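K.L.:
give the three-dimensional model of this entry:
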Amino acid sequence: MHAASVKLTHVPFAGWAEGSPALLGGHIEAIVAQPGEVRPLVEAKKMRLLTVFQPARNAVFPDVPTCKEVGYDVQTRFHFLLLAPKSTPEKIVRYLHDAAKASLEDVAFASFAKARVIDVDYRPGDKLRGDLWEEYRKHTDILERVGMLKR
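P.N.:
Purely as a prediction, here's the structure:
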């Protein structure tokens, strides 16, 4: 909340299973969560979405503005990465890549992802590597502020 000049107390939770009861019980005032996690409670009118940290509005919640739309140029992505040791032979890397890509394109997985409000944005290694370095550069000030950069 540095960008908004708002002072907050970070309350760490092990995940949605701990954080959502704290919000519903009035023990905390806000929470950051994945769209698929909040969907049932938003649809039941037990929680209200304030903004999304995505670059564009979420298809499931089209009336909820992005952070940028409400005046804060803040966004984030959630990545699932498939990694192998640097020494892995190219033949094995290609096999793993092709198997992972095929699973992303599978109809059953696409249905699962849609139900969980997961935006699948496949990126091959070189493209993903570039995107991750771009995010790292954009977030360097945050990393410095919280002491996560090597000195």
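K.L.:
Ala99 should be in a helix, yeah?
P.N.:
Yes: when DSSP: H, G, I helix; E, B strand; the rest coil is applied, Ala99 is found to be in a helix.
K.L.:
relative to Val74, how far out is it?
P.N.:
According to CB to CB, to the nearest Å, Ala99 and Val74 sit 35 Å apart. All C-beta atoms are positioned from the backbone trio N, CA, C, and that covers glycine.
K.L.:
pick out whichever of the two has more residues nearby.
P.N.:
Per other CB atoms under 10 Å, whichever of Ala99 and Val74 has more neighbours is Val74, with 16 against 10.
K.L.:
chain center to the helix or strand of the chain with the lowest mean pLDDT: distance?
P.N.:
Least confident helix or strand of the chain, by mean pLDDT, DSSP states H and E, is helix 140-145 with a mean of 81. Distance of helix 140-145 from its chain centroid, counting by CA atoms, centre = their mean, to the nearest Å, is 18 Å.
K.L.:
what comes up buried for it?
P.N.:
By neighbour count on 16 or more other CB atoms under 10 Å, the buried set for helix 140-145 is empty.
K.L.:
now stretch 117-125
P.N.:
With burial defined by 16+ other CB under 10 Å, the residues of stretch 117-125 counted as buried are Val117, Ile118.
K.L.:
now it, how far from the chain's geometric center?
P.N.:
11 Å.
K.L.:
which residues touch it?
P.N.:
Under the criterion CB atoms under 8 Å, 6 or more residues apart in numbering, residues 34-36, 39, 54, 58, 60, 77, 97, 101, 104, 110, 112-113, 131 lie in contact with stretch 117-125.
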